[in-house]
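Chemist: Provided below for reference: sequence and predicted model.
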Amino acid sequence: MTSSEKEKALPMDIIEMHPDEAVPNGTVPEKQLPIGPGVNDNHMMESNGVPPKPGADGGDENQERGNWSNHVEFMMSCVSYAVGLGNVWRFPYLCYSNGGGAFLIPYCIMLAFAGIPLFFLELSFGQYTSSGPISVWRSVPMLKGVGYGMVVCSGLVAIYYNVIITYTIFYMFKSMTIYQLPWVGCHHEWNTPYCSELVEECFANNGIMTANNTCVPMENLNEEQLASYNITATTAGNSTFFTHNYTDPLAHERVRPSEEYYRNGVLHDSGDISKSGYVIWQLALCLLLAWALEFVCLAKGVKSSGKVVYFTAIFPYCVLFILLIRGLTLPGSIEGIKFFITPRWELLTTPKVWKDAAVQIFYSLSVSWGGLITLSSYNTFKNNCYRDALIVPVLNCATSIFAGFVIFSILGFMAHELKKEVGEVVAEQFGLAFIAYPEAIARLPISPLWAFLFFFMLITLGLGSQLCIVETVITSITDNFPRLRNKKIFVLGGFCTISFLLGLNCVTQAGSYWVVLMDKYAADFALLIYGLCECVGLAWIYGVRRFINDIRTMCGNRVVEQPFFKWFPLNWCALTPAILSFVLLFNWISWENPTAGDYEFPGWAHGFGWMMIMTSLIWIPLNMLFEFIRADGSPMERLKQMTKPTPDWGPALLAHRREAYDVHKQYGTELGGALDPHSEKSQPPVDYSVKYVPAKLDESDMA
C-alpha cells in the first residue's frame, strides 16, 4: 500500500497528531503518540483498537499520583478526618450551653443548608480533576488564592493540633500505672494549699478550713468561732457538730486536683503568654513522638495512611460504646444525660446559637480546610461521591450526639459524687478533656484502665484528623511542583521537622496560651470565607450547569437526575452563600477579642492572631492581582481570562476527558479546559470531535 493509500485508509477519527510528531502531507509516524503534560493515559490500546478502561490492569487508575487501594479506605479516611477531638469536647459543651436538645435544630439546619452541600461540592471538586486544593482552582484562576489560603490554614492548624495530641499522649503514659492516678489527691509537688480535696480531708478528720486556709479541729474552736462559720454544736456527752450550713471561706479560690495537675504538673503554667520560661522536656518528647508517628503513617502516601485509618476510624467508636455502657451503670448518669438533652427553646432566638451551629458544622465536617479535596483527589474517577457526601456528614453528626451521651453520663456521675449540679462540673473544650473528664474517670473502679482507654481514644481521634491535615499540605506542594513527587518522603520529612521546631514554642511554660491563641485565630471565620468563595467560584463563575455535568460524567445520569439532587445546585447558587454571609456578618458585628478562660491576651498577642488570619486570607487578593497582571489585553479581556478555566483543567486521564467532552456536548455546556492541553498550547484549537487514542500504529494496523 502506498503512502497516500495508507493516509486515506487511516481512521482520522481515532488518531490525533502531537504537534512535534507532525510530518508533511499528514502521514503518521510509526511510534506511540505522546499525550502531553497535564494529561496522561496510563494504559495502552487493546488489540481491537479500543483503549482499555483506566486501571483495568489491576493497578492504580492514575499511576502518576496513585489512588486509594479501595473505596473503604477513602470512606474510613473521610470519617477519621471529620470525626476528631471536637466531636468529644467541643460539640457536647456547645449543645449544653446553647439550649441543650434545642441546639440540634439549628445544628441540623446548618448541616442541611451548608454542611452537606459544601461537603459534596468539595468531594466532587477534588475527584473530578484528581488535584489538591491549589491545583483545582485552574477551574477559576482568579480564585487560586483560596487554595493557597486553605493550605496555609491547614499548616498553621497542624502545628498546634499536634500539641493537643501531645497532651493526650502524655496523659496516656501517665495512666499506665497500677497505683493512684497522678491527678488524684492534693499531696503532690504540683499541688497548692488551695487544692479543693484538702477541705474534704479536713472534714474527714472532724475539722474545718478557716479563713487563713488552716485545718482546725472543730473541738478546738469555741462557740463564738463555730458560729462565725455557721456551725452549731451540742454538748450533751460527746460533742456533735452540725456542719450542713458551713461554707468554706476560701471556696472561690479552691482548685480541683485535676486542674492543678493540668496547670502545674503538665503545662508548668507561667500564667502569661509573655513568660515563655523553659521547654517542658517531657512534652517535647511526646511532641517528637507525635510527629514521628505521622511521618511513618504518611511515608507511602495514601497507600500507608489508608491502612492506618482502619484503626483510627473504628477504634474510637469501640471505646465510646464501652464508656457509654459503663457510664449508664453509674449513679447520677441519667441526670447528666437529661441535662445534656433537655431543650431550652428560648435560646433559639439568640443569633449566637445559630452562629455557633454554623461554625461547629465547619469544624465538625472539616469543610473548607482543603482536606476533603485532597482525600477525594485520590479517588477513582467513577467513584460515587454523591453517596459518600450523604453518608459521612450524617455519620459524623450522629457521632457528635453519641459522644455527648457518653460524656454527660460520666459527668452526671461526677456531679452525683460531688453532690453538685451537673452545670457546675461542666468545662469547655480543654477543660472537659483534661480536667473534668479525667477527674470523673478517677472515681471509677480500675480507673487507670479507663483513663488509658479514654486518652488512647483521643489520640486516635486526633491522629486521624492530623494525618489528613498534613497530607493536604504535602499533596498541595507536590501537585504544584510535580518534580517533587518522586521525593515526596523528603517533603514530608521537611514539613514534619519544621512543624516540630515551631511547635516547641507551644510546649514551653506559656505554651497553652499559644495553643489557645492559634485555636481562636488560625481557622476561625477564614473557613467561612473559603466556603463562600467555593460557592461563588464554582456556581457563579465556573457555572453551576457545567459543574453538574462534570458530576454527571463521574456519577452518571442516575445520580444527577434524582429529584433530591436538585437540592445541591440550589444551595450552591443561593442558600449556602446567603447563610455563610449572614454568619460572617454577625461574627464581625459581635466580634470580641478571644480569651483563654479568665486570662485576657495582651494587645500584641491579638496582633499576632490577626497576622495568622491574614497569612491565609491575603493570598486571595494577591493571586487576583497576579492573574490580572499576567493576563493579556484590555482590562475586560484580562478579567475574562482570569475567570476562564486553564487548558489543563479537567480530568487527569485523557480517556476521561473524552468522556467529559461528550457529556458536556450532549447536555449543552462547554468542557472546562482543553481536550488535549498540550495540543491547545502548541497549535491552533483542534476539532474536539476527534477521538484521541495513545497507541502505537504499525504497518499491519494501517494496512
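Modeler: That came in fine, so what should we check first?
Chemist: Quick check: residue 537 touching residue 144?
Modeler: No - in this structure residue 537 lies outside contact range of residue 144 using CB atoms under 8 Å: 9.7 Å. For glycine as for every other residue, the C-beta is placed from the backbone atoms N, C-alpha and C.
Chemist: the more surrounded of those two?
Modeler: residue 144 (25 against 21; other CB atoms under 10 Å).
Chemist: ok, the residue nearest to that one when sequence neighbours are not counted to residue 493 distance?
Modeler: For residue 144, ignoring the flanking residues on the chain, the nearest one in space by CB to CB, 6 or more residues apart in numbering is residue 137 at 3.9 Å. Distance of residue 137 to residue 493, given as CB to CB, to the nearest Å: 27 Å.
Chemist: Please say which of these two ends up with more neighbours.
Modeler: For residue 137 versus residue 493, neighbours defined as other CB under 10 Å are more numerous around residue 137 (29 against 14).
Chemist: mind listing the helices for the stretch 401-550 of the chain?
Modeler: 422-425, 430-431, 437-442, 447-480, 488-503, 511-521, 525-535, 544-555 (DSSP state H, counting those that start in this stretch).
Chemist: who does the fourth one touch, helix- and strand-wise?
Modeler: The reference is to helix 447-480. helix 71-82, helix 85-97, helix 144-175, helix 281-298, helix 302-328, helix 371-376, helix 437-442, helix 488-503 (3 or more CB pairs under 8 Å, 6 or more residues apart in numbering; DSSP states H and E).
Chemist: tilt between it and helix 281-298?
Modeler: Taking axes from the mean of the first three to the mean of the last three CA atoms, to 10 degrees, one finds helix 447-480 and helix 281-298 inclined to each other by 50 degrees.
Chemist: circling back: which of the helices and strands packed on helix 447-480 has the highest mean neighbour count?
Modeler: Ranked by mean neighbour count under mean count of other CB atoms under 10 Å, these are led by helix 371-376, which reaches a mean of 30.
Chemist: what's next to that one, contact-wise?
Modeler: Residues outside helix 371-376 that contact it (CB atoms under 8 Å, 6 or more residues apart in numbering) are 74, 77-78, 81, 119, 122-127, 131-133, 136, 150, 154, 366, 383, 385, 468-469, 471-472, 475-476.
Chemist: which regions of the stretch 401-550 of the chain lie under the pLDDT threshold?
Modeler: Low-confidence segments of the stretch 401-550 of the chain (pLDDT under 70): 427-429.
Chemist: Give me the phi and psi for the residue nearest to residue 144.
Modeler: Per-residue torsions, residue 137: phi -80, psi 10 (degrees, to the nearest 10).
Chemist: Likewise for residue 419?
Modeler: Torsion angles, degrees, to the nearest 10, at residue 419: phi 60, psi 50.
Chemist: before we move on, back to that, contacting residues for the residue nearest to residue 144?
Modeler: So residue 137 contacts 143, 144, 146, 147, 537 (CB under 8 Å, 6+ apart).
Chemist: Name the nearest residue to the fourth one, ignoring sequence neighbours.
Modeler: Spelled out, that is residue 147. Excluding the flanking residues, the one nearest residue 147 by CB to CB, 6+ apart is residue 134, at 3.6 Å.
Chemist: The one you found: neighbouring residues, count only.
Modeler: By other CB under 10 Å, neighbour count at residue 134 equals 24.
Chemist: how far away is it from residue 571?
Modeler: Counting by CB to CB - residue 134 and residue 571 are separated by 25 Å.
Chemist: same check, this time on residue 395
Modeler: 20 Å.
Chemist: Hmm, residue 168 is touching residue 463, no?
Modeler: No - counting by CB under 8 Å, residue 168 stays clear of residue 463, with 9.4 Å between them.
Chemist: what about the residue nearest to residue 147, distance to residue 540?
Modeler: In this view, residue 134 and residue 540 are 21 Å apart by CB to CB.
Chemist: Enumerate every residue touching the residue positioned nearest the centre of the chain.
Modeler: Nearest residue to the geometric centre of the chain (CA atoms, centre = their mean): residue 366, 3.8 Å. Applying CB under 8 Å, 6+ apart to residue 366 gives the contacts 81, 82, 84, 372, 465, 468.
Chemist: Any stretches of this protein with poor pLDDT?
Modeler: Counting by pLDDT under 70, the ranges of the chain that qualify are 1-59, 234-239, 427-429, 678-703.
Chemist: before we move on, back to that, got phi/psi on the residue nearest to residue 147?
Modeler: phi -90, psi -50.
Chemist: re earlier: farthest pair in the contacts of residue 366?
Modeler: 84 and 372 (13.3 Å; CB to CB).
Chemist: Return the residues in contact with the residue nearest to residue 406 when sequence neighbours are not counted.
Modeler: Nearest non-adjacent residue to residue 406, counting by CB to CB, 6+ apart: residue 324, 4.7 Å away. Counting by CB under 8 Å, 6+ apart, residue 324 touches 402, 405, 406, 409.
Chemist: Who has more neighbours out of residue 395 and residue 571?
Modeler: More crowded of residue 395 and residue 571, by other CB under 10 Å: residue 571, with 23 against 15.
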